[in-house]
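Peer 1: sequence unknown, structure follows:
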């Protein structure tokens, strides 16, 4: 029996309404007891972590990660990607299907899960493709993907442009209770745009992608979710109009959830100035008014989840002309600190932050034993020093790729320990 | 006086004083090109590489002649005859050229920001000879020189830039340049050719050609890139010409002494009619002449020894 006692930490567990000094006792990877610290749990021969002065959270869950394996191991692999996750406090990650081969059939799903079991540091939950080969033509074997262990379906990286196929995906996935995660982008409108359309794109002479390219698809997908009563999750919302569309849809009772990335609520398109390819991603960084709308969306519950869209790219793919540079930023190791800023700025409470980064993703993905520190749940726990300051040193990132726009940023809030299934997998 | 900078990447970067210094220096170099022996020894022993990733006749030749008239060694590399066709990246090309110790690389590139990247990779000077839809600083400088020479000043003038502003690096550089020198710049074209929030650059936007040229002192016509016509920013060339092509009829609505510029190459009968292009208001060939002087001035101000 492996026993672990986390003593004296400030536990925040929104699912159980816990917000105070508690002791958490875990046996064999499960949470067996959670009590007020004052009642002083004592157990013999168990590992004790003194969490005095620290915060104890249900392990973070990133529902939008690109682990790049199989196929793009030069960018990231399951081992390095999950190491980065652990360093960022994430005990579970859902990995997107745009690998090579695409995760559009159960053998790829099983391969990912086998590798994760052998080499992964945290839990890995594959996201299967909506369409075969991400081609947007015919549905992947969604039932088979579910049986193999997929927790959602998505053609992320590409939108499902064909409205009929999207309708079918939302309908077909219903009996399997899998959310359809939609990368919302009207490709005809986005064209060969490489950044947000605005004054900065005009100044830099780079082709712009208007907000409407996202809004149009969000509106379409909401209409299809209404039509089908399917389970829709909007990935990486970047535009204010999309927030408004989702808010309206929710108020009508449409089954839609949404996520935002830390880079989208932190940075604007000004960050591209100087042709900074580490500020190139899809959807692009938007304007200050979009950031404001995203924050209000988080505050008022329109946006349910903070997800990283961790998208590692090799330096050679970024060290080129802006138009040619690959999209994406790494995000697992900076996500929590950037999100904590929302709390210190007074926008949301710490408890709401934990909902967005742990509880809500677990609910959307149907991860029953995760997202809260309830007795019987998996002992996936993140311990954080909220006051500790640190600088982002790209050479110290665990991720194989270093494409972050936050290099040398001063961060506040550092993950001290990441615990997966009762075992400490990361110590900061 | 020298330019206290390593590179010329954009007009946006330059101060009013720097622009004025380039124009003044260029004026003094014009005379060299009028001599029988068109050469001064100023940059003897300096090596200038013209690295052109896009086809160009005028700009490349102009930089080459400018270098040679200053006695620098000029080497021309075009993408089609270089390792670029073998898949070499800009970074590797830059590092390899750098290893041969040039003093200046003049870069023309189809991607915006390429000269910015190059400048960060090499110790030598970099001059942007046009990058994507971003800037074409030497073109704007020669345009400003041409206007100043002809009208005696720039401050207070009204400059109408007409055409595909969206894709025009010439327009961006000129909007920055002329506004910095105190002119009023008007950008005119179809709404589909107007980049987002261009007015924030300090120009006024017109969707009607007559309104834009009516009391302008300078009309600058931009080339319609027929090779980009698949982007279909307008239904037909015919309709475009009708709305924004400059012909003698539209010219009647302008001031009598208006001057006409065009960065070339011109599409006769598309954005400008032949009689206007070849007419007395046209300074298109003066621009080309001034281009050599401006580029000599840039080389001198970046590479020359302090006297």
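Peer 2: That came through, no problem. Quick caveat, the model's predicted, so the values are computed rather than measured. Residues are numbered from 1 along each chain as shown, chains lettered A, B, ... in the order given.

Peer 1: mind listing the helices for the stretch 151-300 of chain B?
Peer 2: Per DSSP state H, counting those that start in this stretch, the stretch 151-300 of chain B carries helices over the ranges B:169-180, B:209-213, B:237-244, B:248-251, B:274-277, B:284-303.

Peer 1: between those, which gets nearest to chain A?
Peer 2: Judged by Cβ to the nearest Cβ, the one of the helices of the stretch 151-300 of chain B that comes nearest to chain A is helix B:169-180, at 6.1 Å. C-beta: built from backbone N, CA, C; applies to glycine.

Peer 1: and that closest one, is it in reach of chain A?
Peer 2: Yes. Using Cβ under 8 Å from any Cβ of the partner chain, helix B:169-180 reaches chain A at B:169, B:172.

Peer 1: could I get the helices of the stretch 151-300 of chain B as CSV with mean pLDDT, distance to residue B:121 and mean neighbour count?
Peer 2: Putting the helices of the stretch 151-300 of chain B into CSV (pLDDT from 0 to 100; distance: least, Cβ to Cβ, whole Å; neighbours: other Cβ atoms under 10 Å in any protein chain shown) gives the following:
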stretch, mean pLDDT, distance to residue B:121, mean neighbour count
helix B:169-180, 98, 21, 26
helix B:209-213, 96, 41, 19
helix B:237-244, 94, 40, 16
helix B:248-251, 96, 46, 15
helix B:274-277, 97, 40, 17
helix B:284-303, 97, 17, 23
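
Peer 1: in a markdown table: the ones you listed, plus distance to residue A:378.
Peer 2: Conversion of those to a markdown table gives the following (distance: least, Cβ to Cβ, whole Å):
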| stretch | distance to residue A:378 |
| --- | --- |
| helix B:169-180 | 56 |
| helix B:209-213 | 68 |
| helix B:237-244 | 65 |
| helix B:248-251 | 75 |
| helix B:274-277 | 76 |
| helix B:284-303 | 64 |
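
Peer 1: chain B contacts on the stretch 51-200 of chain A?
Peer 2: Residues of the stretch 51-200 of chain A lying near chain B (Cβ under 8 Å from any Cβ): A:197-199.

Peer 1: 10 Å instead, please
Peer 2: With Cβ under 10 Å from any Cβ of the partner chain as the criterion, the stretch 51-200 of chain A meets chain B at residues A:191-192, A:194, A:196-200.

Peer 1: which one of those is nearest chain B?
Peer 2: Using Cβ to the nearest Cβ, residue A:199 comes nearest to chain B of those, at 4.0 Å.

Peer 1: do you know how far that closest one is from residue A:208?
Peer 2: 10 Å (Cβ to Cβ, to the nearest Å).

Peer 1: which neighbours do those two have in common?
Peer 2: Common contact partners of residue A:199 and residue A:208 (Cβ atoms under 10 Å, 6 or more residues apart in numbering or on different chains): A:269, B:195-196.

Peer 1: quick one: the residue of chain A positioned farthest from its centre from chain B, how far?
Peer 2: Computed with Cα atoms, centre = their mean, the maximum C-alpha offset from the centroid of chain A is found at residue A:44, amounting to 37.8 Å. In this structure, residue A:44 and chain B are separated by 61 Å, where distance is defined by Cβ to the nearest Cβ, to the nearest Å.

Peer 1: and residue A:294, by the same measure?
Peer 2: Residue A:294 sits 20 Å away from chain B when distances are taken as Cβ to the nearest Cβ.
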